[in-house]
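Visitor: Show me how the following folds:
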Amino acid sequence: MPKKSDPLTLEEVTEAADIFMPLFDAVYSRMPEGAKVEDCLSVMESVAKLGHKLRADKADEEKKLKFGFNKTTEEKNADS
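Guide: This is a model prediction of the structure:
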């Protein structure tokens, strides 16, 4: 097993690129014409932060819905 500080292998770089490039392309394709790669990377950071916030919000909402007092009338009748 390589150490954390060892250079990446070609396989590791390929695996990372397979994950990163579609994400980069999704953001870059929405950038204004003439946008630089640096601009896209900066926007990707903001998009990632927003994505993590949305994920956390969704998880919080799902936790709230698990409690019985949030059930709709139909769900209460079905439980009876």
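
Visitor: What are the buried residues along the helix ranked longest in the chain?
Guide: When the chain is parsed with DSSP state H, its longest helix is helix 37-65. Neighbour counts over helix 37-65 (16 or more other Cβ atoms under 10 Å) mark 40, 44 as buried. The way it works is simple: take the backbone N, C-alpha and C, and place the C-beta from them, glycine included.

Visitor: mind checking how far it is from the chain centre?
Guide: Centre-to-centre, helix 37-65 and its host chain are 6 Å apart (Cα atoms, centre = their mean, to the nearest Å).

Visitor: and that helix, what other elements does it pack with?
Guide: Helix 37-65 sits against helix 10-28, with contacts defined as 3 or more Cβ pairs under 8 Å, 6 or more residues apart in numbering; DSSP states H and E.

Visitor: Just name whatever secondary elements the helix it packs on is in contact with.
Guide: By 3+ Cβ pairs under 8 Å, 6+ apart, helix 10-28 packs against helix 37-65.

Visitor: okay, the angle between the helix it packs on and helix 10-28?
Guide: Computed by axes from the mean of the first three to the mean of the last three Cα atoms, to 10 degrees, the angle separating helix 37-65 from helix 10-28 equals 90 degrees.

Visitor: For helix 37-65, give the mean pLDDT please.
Guide: Mean pLDDT, helix 37-65: 94.

Visitor: One more: stretch 8-24?
Guide: The predicted model assigns stretch 8-24 a mean pLDDT of 97.
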